[in-house]
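> Return atomic coordinates for the entry below.
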Amino acid sequence: MKNFLLTLGLCTSLASVAMAQTRPQAADSTRRVAGASGMQGSATQKAQPKPYADVITAKAISKDGLFKTHKVEDKYYFEIDDAVLGREILVVNRISKAGAEVRAASGYAGDQVGSSIVKFEKGPNNRIFLRKVSYSTYSPDSTKSMYQAVQRSNIQAIVAAFNVAAYSPDKKGSVIDITDYINGENEIFSFSSATAKSRIRLGNFVPDRSYIENVRSFPTNVEVTTVKTYVLTPPTTGFGSTAPSSGGAGGSNLNGSSTIELNTSMVVLPKVPMQPRFFDPRVGYFTVGYTDFDANPQGVKEIEMVKRWRLEPKAQDMAKYKRGELVEPQKPIIFYIDPATPKKWVPYLIAGVNDWQKAFEKAGFKNAVIGKMAPSPKENPDWSLDDARHSAIVYKPSEISNASGPSISDPRSGEIMESHINWYHNVMKLVHDWYFVQAAAIDPRARKMEFSDELMGDLIRFVSSHEVGHTLGLRHNYGSSSTVPVENLRNKKWVEANGHTPSIMDYARFNYVAQPEDNITPKGIYPRIGDYDLWAIEWGYKLLPNAKNAFDEVETLNKLTMEKLKNRRNWFGTETNPDDPHSQNEDLGDNSMKASEYGIKNLQRIIVKLPEWTKESNEGYDNLRNMYGQVSTQYNRYMGHVAKNIGGVYENPKTVEQDGHVYERTPAATQKEAMAFLDKNLFTTPTWLLNPTVLNNTGSNPMLLISRSQENVVDRLISNNTLTKLIAAEAMDGSKAYKVTDFFTDMNGSIFKEVKSNQAIDVYRRNLQKIYVEQLISLVKPAPAPTSSAAPTGRGGSSTPTMDLKNSDVISVAKAELRNINNMIKGSLASQSDALSNYHLMDLSERITETLNYRNQNAL
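From the prediction side, this is the model:
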């Protein structure tokens with residue numbers, strides 16, 4: 001099966017290109033001798049190890065673990081056993097403490113700032129090298145013919161070299177002084193790039209105000225805590241540039257400095273990688289990948305492996321597992337709740353984790369994922385939130401209205417090693433505003449600015465489940481909600497039994513289609529783990545014991561997937577397709593027009609009650625202003641959902657064994673329905689949005705509000721992308737297609753109704769007509785392209801890549817539409833008695849005439 005390369009913003013990738021080491025300044029001559037190369041004399045000078053007792057003296061504070069670590073006065077040593085040399089080690093750097101100046105730039109405790117794979121190995125002249133490992137190009141099987149060739153062409157960079165300070169007494173280990181390296185500024189024990197630092201306004205490193213706080217060793221990992229100080233750079237200006245910082249390392253700076261605490265986790269990767277599972281575009285998983293030179297005998301193959309945890313039955317339970325009995329995994333997935341989390345929300349976060357247990361039962365495991373409160377210092381004094389052995393939901397005192405679920409994985413197999421879910425305090429405002437604007441019409445509990453703890457707890461639980469889903473490897477499924485008939489969302493019995501979307505990984509939020517008279521309870525309003533989620537976990541985590549490798553699994557998984565997809569509720573719609581009306585965020589149901597009609601009815605009920613429901617004693621109108629903005633934003637979402645149907649292209653990934661086509665154009669009848677909806681609900685001024693009480697107490701500009709909504713949709717419809725798709729659809733489907741000429745007939749008839757009937761044109765409609773004409777003009781007479789940026793490219797898998805304008809029919813039909821509008825205007829001017837309407841029409845005619853003359857004069 002073909003494997004697809006997907007790069008997503010939520011998915012943290014491991015660096016694959018070696019970067020030059022930034023060498024820290026040595027603190028004294030003793031460290032220059034003992035430390036990493038680049039801080040001593042000639043690189044070829046043979047180091048002279050000392051007797052073990054002379055280096056690791058009686059003063060040493062030693063700890064056993066992955067490396068034996070020693071603190072001798074102010075120096076730190078790693079004693080690396082020969083058995084560990086060559087083992088690949090995952091290094092993850094996170095902020096563990098930060099000041100207000102960094103938090104203001106979105107740098108919070110728990111934030112990851114870098115990751116890499118490294119290994120220690122012996123070098124010549126009593127030295128230990130630290131190599132940075134890349135898996136971008138890979139030949140995984142050393143028995144295959146290409147293995148040695150790939151190895152020769154993929155040498156891993158040496159990022160540091162250390163003199164062996166001493167050999168262990170049994171001569172099976174090497175002691176190196178790691179002090180300067182971990183206390184310095186480099187890509188392994190600090191930020192992965194200058195970009196990662198600049199994002200939170202950190203400039204030059206200040207070594208004399210930086211130090212090592214602690215080094216702790218555990219059986220499979222070493223945790224290093226350092227305190228590092230940086231020059232603080234100025235905030236980015238409104239034009240996207242940042243003023244240069246003054247001062248050097250240790251020098252004064254007008255912008256001040258910032259001190260942060262970093263935690264570096266060094267986790268040894270398994271000797272034997274987990275058996276990978278190849279990505280299938282019909283099931284939405286995050287991936288890691290590499291270029292394989294062995295998989296394709298006549299070329300190369302891009303291999304994509306899904307990210308998932310290693311879940312395996314205990315040895316004594318394997319027979320039960322094969323018989324289909326539920327068994328507990330050897331090592332369950334545990335998420336600890338940050339001790340800083342307000343106590344009242346802890347049960348809801350834990351419930352959000354545990355909700356996934358039923359999904360793993362489909363894969364044959366019980367109690368596979370567990371939420372727990374982090375142990376107190378009394379219960380376990382060695383437990384730490386920074387310890388890479390522990391996954392956690394980290395509570396952050398942030399104004400960011402969000403949460404996210406990243407994870408770190410083994411690049412050889414996709415095995416997820418750990419995850420720290422970012423839970424920002426202000427996510428509660430986000431879910432409040434969502435629930436208010438989508439559910440207040442049907443749930444009286446939502447009609448206030450402060451929800452009860454019970455309601456807020458329920459909303460936290462849903463967000464928790466969604467983010468945990470990401471850490472299990474699941475991507476957003478924007479297509480899931482499109483599998484539900486709209487009328488079922490109003491059917492109390494059906495929706496309370498099945499939920500309003502089959503996937504909690506959808507951006508479906510809440511059931512805004514349900515009407516007050518439907519009497520639907522929260523069970524039919526909230527999202528929940530659904531049919532698709534159960535199937536996705538089964539696909540990703542169910543073991544196939546008879547498969548010796550990932551290639552052996554492909555046929556079995558393909559047959560299983562084809563069978564499961566007979567039920568449309570198991571369908572996955574990617575979040576990366578801009579053309580498919582079935583794959584949209586924030587939408588509901590199988591018909592955007594019907595769903596949005598119901599949504600608008602509820603918004604109309606809400607807007608008249610906004611002054612009452614947002615009122616708080618001794619407060620102004622900020623609540624009203626905010627929620628009015630939420631109402632208009634929700635309305636704009638509905639318009640966007642409908643507009644995507646125009647020129648829409650459905651995408652259904654398939655293997656060759658499946659019937660039907662991968663790509664299909666949206667039926668002409670559906671596109672006509674979408675145009676009728678826009679005519680009624682957008683191009684005809686939505687006066688219900690212009691509530692006088694709201695406008696007069698918020699100062700909102702009604703013309704700006706309406707024109708922005710209309711402009712967003714017109715810009716999408718009158719674009720090279722949409723018009724190209726309409727032209728391509730006619731070429732493919734002939735008379736069955738919704739033709740580009742049909743589209744312009746409908747647009748013209750909707751937007752210029754008053755001109756055709758010689759009626760006065762009010763200010764909202766005049767603005768709309770200007771928006772429409774100007775967008776047409778932008779196609780015929782495009783603005784000069786910026787010289788500093790590259791031209792945009794289409795989606796890699798798009799079925800209808802955009803053509804160069806000069807070689808397509810887009811300009812031809814745009815010019816024809818401008819001529820039609822101009823002729824219509826000229827025929828109407830003599831009969832138009834309203835002065836402002838006359839001025840407006842003459843202006844439009846002049847703009848069109850100038851554009852067409854310009855085009856003719858500049859034609860080749």
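
> all helices of the stretch 251-400 of the chain, in order?
318-322, 346-354, 357-361 (DSSP state H, counting those that start in this stretch).

> Mean neighbour count, those: which tops it?
When you average the neighbours per residue for each of these (mean count of other C-beta atoms under 10 Å), helix 346-354 leads with a mean of 21. Heads up, the C-betas are built off the backbone N, CA and C, glycines and all.

> Please save the CA atoms from that helix in PDB.
Taking C-alpha atoms only, helix 346-354 is exported to PDB below (Å, rounded to 0.1, in the frame of the first residue of the first chain):
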ATOM      1  CA  VAL A 346      -9.100  17.000  38.400                       C
ATOM      2  CA  PRO A 347     -11.900  14.400  38.300                       C
ATOM      3  CA  TYR A 348     -13.100  15.700  34.900                       C
ATOM      4  CA  LEU A 349      -9.600  15.500  33.400                       C
ATOM      5  CA  ILE A 350      -9.100  12.000  34.700                       C
ATOM      6  CA  ALA A 351     -12.500  11.000  33.300                       C
ATOM      7  CA  GLY A 352     -11.500  12.400  29.900                       C
ATOM      8  CA  VAL A 353      -8.500  10.100  30.000                       C
ATOM      9  CA  ASN A 354     -10.400   7.000  31.200                       C
END
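
> Can you spell out which helices and strands pack onto it?
strand 333-337, strand 369-373, helix 453-471 (3 or more C-beta pairs under 8 Å, 6 or more residues apart in numbering; DSSP states H and E).

> What is the burial count for Glu312?
Neighbourhood size, Glu312 [other C-beta atoms under 10 Å]: 17.

> likewise the one 5 residues further on?
Burial measure for Asp317: 18 neighbouring residues, criterion other C-beta under 10 Å.

> One more: the one 10 residues further on?
Summarising burial for Val327: neighbours were counted as other C-beta under 10 Å, giving 21.

> residue contacts, Lys523?
Glu496 (C-beta atoms under 8 Å, 6 or more residues apart in numbering).

> can we see that at 10 Å?
Counting by C-beta atoms under 10 Å, 6 or more residues apart in numbering, Lys523 touches 492, 495-497, 499.

> farthest pair in the residues you listed?
Lys492 and Gly499 (12.9 Å; C-beta to C-beta).

> Do I have it right that Pro545 meets Lys322?
Yes - using C-beta atoms under 10 Å, Pro545 is in contact with Lys322, at 6.0 Å.

> Find residues that contact each of the two.
With C-beta under 10 Å, 6+ apart, Pro545 and Lys322 have common neighbours Pro313.

> one step back: could you dump the contacts of Lys523 into TSV with neighbour count, pLDDT and distance to Tyr348 added?
Conversion of those to TSV gives the following (neighbours: other C-beta atoms under 10 Å; pLDDT from 0 to 100; distance: C-beta to C-beta, whole Å):
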residue	neighbour count	pLDDT	distance to Tyr348
Lys492	14	98	25
Val495	22	98	23
Glu496	15	98	21
Ala497	10	97	23
Gly499	24	97	18
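
> In helices only, show me those residues.
492, 495-497 (DSSP state H).

> any idea which of these is closest to Val486?
Using C-beta to C-beta, the ones in helices among the contacts of Lys523 come closest to Val486 at Val495, 10.9 Å.

> now the closest one, nearest residue through space, not along the chain?
Ranked by C-beta to C-beta, 6 or more residues apart in numbering and with sequence neighbours excluded, the top spatial neighbour of Val495 is Gly524, at 3.9 Å.

> can you check Gly65 too?
Ser217 (2.8 Å).

> That neighbour and Glu121: what is the separation?
Noted for Ser217: a distance of 20 Å to Glu121, by C-beta to C-beta, to the nearest Å.

> the more surrounded of those two?
The neighbour comparison of Ser217 against Glu121 (other C-beta under 10 Å) goes to Ser217, with 20 against 15.

> What segments of the stretch 101-250 of the chain are strands?
112-123, 127-133, 137-138, 157-167, 173-177, 202-217, 221-232 (DSSP state E, counting those that start in this stretch).

> okay, and for the stretch 151-300 of the chain, where does confidence drop off?
151-155, 193-196, 198-199, 235-255, 293-299 (pLDDT under 70).

> try the chain
Within the chain, the set of residues satisfying pLDDT under 70 comprises 1-47, 99-110, 136-155, 193-196, 198-199, 235-255, 293-299, 784-806, 855-860.

> again, 50 this time
1-44, 103-106, 237-254, 788-800, 860 (pLDDT under 50).

> so what are the domain limits for it?
29-268, 315-432 (automatic domain parsing).

> Tell me which of those domains lies nearest to Ile718.
Comparing the domains of the chain by C-beta to C-beta, domain 29-268 comes nearest, at 28.5 Å.

> ok, back up a step: relative to Ile200, which of the contacts of Lys523 is nearest.
Nearest to Ile200 among the contacts of Lys523, with distances taken as C-beta to C-beta, is Gly499, at 39.2 Å.

> Could you list which residues are in contact with the closest one?
Residues near Gly499 by C-beta under 10 Å, 6+ apart: 481, 484, 489, 508, 511, 523-531.

> Would you mind measuring from it to Tyr532?
Distance, Gly499 to Tyr532, using C-beta to C-beta: 11 Å.

> Would you mind confirming that Asp317 is in contact with Gln330?
Yes - the pair Asp317 / Gln330 is scored as a contact, 8.9 Å apart, by C-beta under 10 Å.

> ok, the contacts of Lys523 vs Lys770, which is closest?
Of all those, Val495 has the smallest distance to Lys770: 42.9 Å, by C-beta to C-beta.

> what bridges to Arg308?
Glu415 (DSSP bridges).

> I'd say it and Leu543 touch.
No - using C-beta under 10 Å, Arg308 makes no contact with Leu543, being 11.3 Å away.

> neighbour count winner among these two?
Arg308 (24 against 17).

> how near is that one to Val231?
42 Å.

> follow-up on the earlier one: which neighbours do Lys492 and Gly499 share?
523-524.

> Output the helices and strands packed on helix 346-354 as CSV; include the columns mean neighbour count and distance to Ile825.
As requested, those are exported to CSV (neighbours: other C-beta atoms under 10 Å; distance: least, C-beta to C-beta, whole Å):
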stretch, mean neighbour count, distance to Ile825
strand 333-337, 22, 64
strand 369-373, 19, 65
helix 453-471, 21, 51
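
> No further queries at this time; thank you.
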